[in-house]
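Student: Could you work out the structure for the sequence below:
(2 chains)
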Amino acid sequence: MTDSLRPRQLRRRELLLSTLAPGVWLLSGCQKEPVAAFNGIDVTGAEYARGFTLTDPDGRVRTLADFKGQAVMLFFGFTQCPDVCPTALARATEIRTLLGADGARLQVIFVTVDPERDAPVVLKAYTQAFDASFLGLYGNVQQTADVAKEFKVYYKKVPTGASYTMDHSAFSYVFSPTGKLRVVLRHEQSAQDCASDIRQILHAA
Amino acid sequence: MKNLSRSIFFILGLAGLATWAQAQVSVQQAWVRASVPQQQATGAFMLITSAKDSRLVGATSSLTPSVEVHEMAMQDNVMRMRQVPAVELPAGKTVALQPGGYHVMLMGLKQPVVAGDTVPLTLSFANHDGTSETVQVRAEVRPLNSSANTSAKPAEHKH
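Tutor: Reported below is the predicted structural model:
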C-alpha cells in the first residue's frame, strides 16, 4: 500500500533535499572569498588577528582600518635582532619590487615586541632603512601583550650575557584590502612565493 | 727552464712553510650590519676556516665592551637567539657565521655603526690540541638591509 508509505518517503526526500540544497547553493559560486592556492598558510576566515590599535613613531594611533584598500603585511620583531628581523624586512622590500605597480598597494608594518628599547625614533629610523613606505608600530607593555595575544604571536624576554634578547614568532601576517587575514607567511619562504600570494590577494574579488 | 721551474717550486714550498707557521685560522668576508641611532646592538658575520680542529671561544672589540657569540635557532617558527660558549670549527671546513645561524653580537653601542666604516674585532680560538690563538679582523660595515653574502638565490632581475 503506497499511500501509507508516502508520508515517510516524502519526509526522507525532504530531508535529503534539505541537506543537498545548501551544498548545491555553495557550488553555484555564492562564496564570498574565492578559493586560492597559497604558498603560505591559508588562514582565510580565521577568527583571530582581527586588527590592532597601536601607535606610530609620530605618536598617531593606527588601526588596521586605516589601511583599507591596501594589502597589509605585518611582522613582529625587535631592532636588536641582527638576523631574522632584517632578513624579513629585506625580503619585504624584495616582495614590493616583485609586485611592480601592485607594490604601492602593499603596506608593510613592523610591530615591535620590545617597546622598552625600541623607542619611536629608533623604530622609525629602522623601518626607513629598508623602505620609506614601511611603518613601525608600538604599544606600551600591556598593548604589546594584547596585540601578541590577538595574533597568537609568541614572544619572550630572555636574558643573554649582559643584556636580553626577545624570542618571537617569525611569521608575516597578510591582510586583504578589505582588512581580512588571508595568509601567514613563514620566514623561510622566498620573496617570489610571498609576492605570488600577495598578488592573488590584491586581485581577488 | 729547468732552473726556473725549480726556483718557482722552491718559492712555493717556502710560501707553504710560511703559511704553516702563521695563524692557522683564517677569517674572511667579515661584515657588521649597520645600525640606526639609539639602536643598542648589532651583529657581525664572517666565514671562518681552521686548518686543524678548533673552536671559536670568544670575541672582543674596541667598539664596545659587550661582545658575545650567539646562535640563532628557529624552532616551530619561533626565533630564539642564545649566547653560546663556543662554535666548533672542524679541520679544513669553512664555518659561516651568517643570518640563520651564528653571529657575533655587539651590544651596548654608544653610537650607530655606519655603512662604510670598519669595526675591529679580535677573535679567540681554542685549538683541540691545547694551543690557542687570536685573529684580528677589520669587519666592513654594510647597510642595515644587507642580505647574507652566502644567500643561495640571486635576486630576480625583471625588466
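Student: Chain neighbours aside, what residue packs nearest to residue 118?
Tutor: You didn't pick a chain, so chain A it is. A:Thr112 (4.0 Å; CB to CB, 6 or more residues apart in numbering or on different chains). C-beta: built from backbone N, CA, C; applies to glycine.
Student: That was the other one, I meant chain B.
Tutor: That would be B:Arg138: by CB to CB, 6+ apart, it lies 4.6 Å from B:Thr118.
Student: quick one, what contacts that neighbour?
Tutor: B:Ala30, B:Thr118, B:Val119, B:Pro120, B:Leu121 (CB atoms under 8 Å, 6 or more residues apart in numbering or on different chains).
Student: ok, now A:Lys157?
Tutor: A:Lys157 touches A:Asp114, A:Tyr164, A:Thr165, A:Met166, counting by CB under 8 Å, 6+ apart.
Student: what do you get if the cut-off is 7 Å, keeping everything else the same?
Tutor: A:Tyr164, A:Met166 (CB atoms under 7 Å, 6 or more residues apart in numbering or on different chains).
Student: Any idea what it is bridged to?
Tutor: A:Met166 (DSSP bridges).
Student: Which single residue of chain B ends up nearest chain A?
Tutor: B:Gly43 (2.6 Å; CB to the nearest CB).
Student: Quickly list what that residue is bridged to.
Tutor: With DSSP bridges as the rule, B:Gly43 is bridged to B:Met105.
Student: all helices in the chain, in order from the N-terminus.
Tutor: Because you didn't say which chain, this covers chain A. A:2-27, A:84-98, A:120-128, A:141-150, A:191-203 (DSSP state H).
Student: wrong one, I was asking about chain B
Tutor: B:2-21.
Student: Close to chain A: what parts of chain B are there?
Tutor: Neighbours of chain A within chain B, by CB under 7 Å from any CB of the partner chain: B:33, B:36-43, B:66, B:68, B:72, B:74, B:77-83, B:99-100, B:103, B:105, B:107-108, B:144-145, B:147, B:153, B:155-156.
Student: Was I right to think A:Ala88 contacts A:Glu188?
Tutor: No - using CB atoms under 7 Å as the test, A:Ala88 is too far from A:Glu188 to be in contact (10.5 Å).
Student: how many neighbours does B:Asn3 have?
Tutor: 7 (other CB atoms under 10 Å in any protein chain shown).
Student: got the contact list for residue 147?
Tutor: Picking chain A for this. A:Phe52, A:Leu54, A:Val111, A:Gly139.
Student: wrong chain, I was asking about chain B
Tutor: A:Ala90.
Student: Can you get me a residue count around A:Met166?
Tutor: 22.
Student: just to revisit the earlier point, could you check how far the residue nearest to B:Thr118 is from B:Asp117?
Tutor: 10 Å (CB to CB, to the nearest Å).
Student: Any idea which residue of chain A lies closest to chain B?
Tutor: Taking CB to the nearest CB, chain A has A:Pro82 as its residue nearest chain B, at 2.6 Å.
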